[in-house]
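With the input below, show me the fold.
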Amino acid sequence: MNIIVVERDDMLRGRLDILFSSETLTDWVESYDSAEEAIKLADWDNAQVLVTGIGLAEMNGVQLIDWTRRHNPQISCIVFSRFDDRQTVLSAIRAGASGYLLDSCSPREMIEALQGIYRGGAPMSPHIARMLLQELQQPAKSDNPLTRREQEILGCLDKDLSYKEVAAELGISPNTVHTHVKNINEKLQSDGREDAVLKARRLGWV
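Residues are numbered from 1 along each chain as shown. Modelled structure (predicted):
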């Protein structure tokens, strides 16, 4: 198994390197301290598993998972993080994570997670699994809260247009675009335009 590790914390990243390198299933491990460095330097064509933290320096772990799934769909993605809040977990799963482990898990649990991924499983820390079950047991929320104009703006942002370019495209002012984006972020509980586009894409709203 070929593994790419992306983790900001040097000590934690070193522990993962040692742990994975000692596993008999592992052929090689590459590790990086940022998503940007990994995207630039990692051997994505031959990797099979990405293990990433969430709180990276610039491009975060959810965004890295989304990038990986779009450019390298053959790679299984596992989150290894201290973040266990509902929004982060759901964002990671929607982005394409195949597993979510809290960094409090034991080395044995981490190795078992790798073995599970290798067998086609979806390893989760018990706390995360319970959270996802509770989410699934809630009544489905099928109604799209976004207006037609907000969806149009998200569509433009998905094309990586600037606010000024969006305004020109839709025949509205840049200030109006800013107002709509603010409303979109409130409705989706998103942290900025990139997060909003990611969430809307995963929900099929853009």
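
What residues sit buried inside stretch 129-136?
Within stretch 129-136, the residues that qualify as buried are Met131, Leu132, counting by 16 or more other C-beta atoms under 10 Å. Any C-beta I mention is one placed from the backbone N, CA and C, and that applies to glycine too.

An error on my part: the question was meant for stretch 40-59.
By neighbour count, with 16+ other C-beta under 10 Å as the criterion, the buried positions of stretch 40-59 are Ala42, Trp44, Ala47, Gln48, Val49, Leu50, Val51, Thr52, Gly53, Ile54, Leu56, Met59.

where does the spatially most central residue of the chain sit relative to Ser91, distance-wise?
Central residue check for the chain by C-alpha atoms, centre = their mean: the C-alpha nearest the mean position is that of Val62, 2.0 Å away. To Ser91, Val62 is 5 Å away according to C-beta to C-beta, to the nearest Å.

residues bridging contact with those two, i.e. touching both?
Asp195, Leu198 (C-beta atoms under 8 Å, 6 or more residues apart in numbering).

can you give me the offset of the helix or strand hosting Gln134 from its chain's centre?
Per DSSP states H and E: Gln134 is located in helix 126-137. Relative to its chain's centre, helix 126-137 lies at 18 Å (C-alpha atoms, centre = their mean, to the nearest Å).

So the residue nearest to the centre of the chain: helix, strand or coil?
Per DSSP: H, G, I helix; E, B strand; the rest coil, the local secondary structure of Val62 is helix.

That one is in contact with Ile54, isn't it?
Yes: distance between Val62 and Ile54: 6.6 Å, which falls inside the contact criterion (C-beta atoms under 8 Å).

if I look at those two, which residues touch both of them?
Applying C-beta under 8 Å, 6+ apart, one finds that Val62 and Ile54 are jointly contacted by Thr88, Ala92.

ok, now which ones touch the residue nearest to the centre of the chain?
For Val62, the set of contacting residues under the criterion of C-beta under 8 Å, 6+ apart consists of Ile54, Thr88, Ser91, Ala92, Ala95, Asp195, Leu198.
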